[in-house]
Every structure is written in structure tokens, then in C-alpha cells.
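Chemist: I'd like to go over a predicted model; first the sequence, then the structure.
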Amino acid sequence: MANRQSLIAGNWKLNGTRSSVVKLASEISVGAGSLGVEILVCPVSVHLADALTVVGNSPVHLGAQNCSDAVTGALTGEVSADMLVEFGCEYVIAGHSERRALFHESSEQVAAKCLAVQKAGMTPILCVGETLEQRETGQVETVIASQLDALLDVGGIDAFRQLVIAYEPVWAIGTGKTASPEQAQAVHEMIRERIATQDAEVGDALRILYGGSVKPDNAALLFSQPDIDGGLIGGAALDAESFLAICEAAATTSDSAPIGSPAR
Ligand code: 13P
């Protein structure tokens, strides 16, 4: 099995002020110490510069929540991947279910964003997941397969080399309902197998995060599943103590985490 380093990513969504972001990023940076898991925070784009002043000299990595698939152009309100690189971003979340549902992003657009992020030298975190209705009507595999295939179609298996997947069942996001460790593991395994059929090595190395009401009290059980390589955390990432407790859960359940700060 590949030596997959756990990743705990905080998706701060539309929250914070310049000062609260600096405070939260500082508390996380101080606590991150040498946990041996990779830690990432994703504030809104206008807060990236402030966050960078804090995490720039710490083991904590910086990411964005979204970006355009275009490099430049008449696209009012958009932010390009190259612009995010200038603010120290190493990751960009692509295709979060909130963007798919509320901003009508198609899997094809999400795939184009992933390629743009990689072209700029960063790593996309491709979000996939089913709604409650899709789960109840037995469509989990079909839905997730089509979300993955949209990227395979345009980028091939190579698009999965520098990429993280986040499985976020829509019904578990912000609801307090979590997929059981067994439910999450089953989907993670299915995702890995689908990629591994294209290339066993890529499938084995692919980091697959779970997201959806991860809290300090359910994190360890989720992270101890063999195909769960960390988490994409929403609400609990807005509180440094909770977020660090989740990072610690990943550190204690990870059998492959190197000791010391993750390499930049
Ligand atoms: P919650 O952890 O608040 O459920 O949010 C999950 C999420 O959407 C992370 O991207």
C-alpha cells in the first residue's frame, strides 16, 4: 500500500473577518506543531493575504475554495489559479457541492477547473458526493462515477496524479449527520478501485478525504478506515480547538504519518 500522508483541510466557507482569520490561522499554526499530518486552511480569497502572513512561516498550508478555469478575460468577479499561486495557495477546492448546487457548476466545468489548478502548479481537491435522494434510490455509485469520469474524460488518468478527492455526501454537510465509517469506507473504496482500474499505482497513491459533519468525537473512527486519508472539515474548522482535535485524531489513527512537519 502506498504511504499516503493524512491531510486535514479546513474549508472556512463564507466566514470570518480580516482579524478573525488571522486569529484562527495563528491558533492553528501554533497548535499544528509536529503532528505529522498535513494541515490546510482555505479562507475566502480576499482573506488569503492576511492568512498567508500567519501560515507562511508555519507547517500549515494555504488553499482557496474555488477558482476560474480561465487564465484571464472578461469574467467579472472571477479569480484565476495563477492569481491564487501569488497568494501562497497550494490547493484549490473544486466542485464543492455548494458550488455545484447553488452556482450550477457542472462536472465538466469542475473538471476544467481541476486542470487549470494543476496547470498553475497547485493541487485540486475534487469534491464528489451524492444527495440523500440519490442515496435512497441506489444511485451513489453512478453519481460519483460520473463526477470522476468528467475529469478522466478530459485529463485522463494523469489528472489524478496531482489531485486529492473529497467524498462529501451532500446529506451530511452541515447537517450534523455523518456517514457511518462503514458507509464512508465503502464509497472511498469504490472511488479508489475506479481509479486503480486505470492505473493501480495512481489509485493506490490517491488521497481520498471524507467530509460531512466531521467533529472531534467522530473523526478517529472515520480516519481509521483503510481508504479514508483525512478530512475536509466545515463547521468544526472554524474553531481552532476542534480543528486541532480532528488533526490529532488523524495523527493517532495514521500508521504512515512521518514524524515532524510536513514538507512544503
Ligand atoms: P461540515 O463539516 O460543516 O458538515 O461541512 C463539510 C464541508 O462542506 C466541507 O467542505
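Modeler: That came through fine.

Chemist: kindly list the longest helix within the chain.
Modeler: For the chain, the longest helix by residue count, based on DSSP state H, is helix 181-198.

Chemist: buried ones in that helix?
Modeler: Judged by neighbour count using 16 or more other C-beta atoms under 10 Å, the buried positions of helix 181-198 are P181, A184, Q185, V187, H188, E189, M190, I191, R192, R194, I195, A196. C-beta: built from backbone N, CA, C; applies to glycine.

Chemist: try stretch 106-123
Modeler: Result for stretch 106-123 [16+ other C-beta under 10 Å]: buried residues 107, 109-118, 120, 122-123.

Chemist: go on, stretch 213-231?
Modeler: 213-216, 218-225, 227-231.

Chemist: residue of this structure closest to the ligand, please.
Modeler: Residue nearest to the ligand within the chain: G234 (2.1 Å; C-beta to the nearest ligand atom).

Chemist: pLDDT weak spots in the stretch 1-150 of the chain?
Modeler: The stretch 1-150 of the chain contains residues with pLDDT under 70 at 1.

Chemist: tell me where it has strands.
Modeler: Using DSSP state E, counting those that start in this stretch, the strands found in the stretch 1-150 of the chain span residues 7-11, 38-42, 61-64, 91-94, 123-128.

Chemist: give the pairing partners of the third one; include direction for each.
Modeler: Spelled out, that is strand 61-64. Here strand 61-64 is paired, per DSSP bridges, with strand 38-42 (parallel), strand 91-94 (parallel).

Chemist: near the ligand, list only the ones from the buried residues of stretch 213-231.
Modeler: For the ligand, the contacts drawn from those by C-beta under 6 Å from any ligand atom are S213, V214.

Chemist: surely Q65 and Y91 touch.
Modeler: No. Assessed by C-beta atoms under 8 Å, Q65 is found out of contact with Y91, at 10.0 Å.

Chemist: which neighbours do the two have in common?
Modeler: C42 (C-beta atoms under 8 Å, 6 or more residues apart in numbering).

Chemist: and the closest residue in space to D229 that isn't next to it in sequence, what does it touch?
Modeler: Sequence neighbours aside, R207 is the residue nearest to D229 in space, at 4.3 Å (criterion: C-beta to C-beta, 6 or more residues apart in numbering). By C-beta under 8 Å, 6+ apart, the contact set of R207 is R4, Q5, L7, V164, I165, D229, G230.

Chemist: which of those are buried?
Modeler: Among these, those scoring as buried are R4, Q5, L7, V164, I165, D229, G230 (criterion: 16+ other C-beta under 10 Å).
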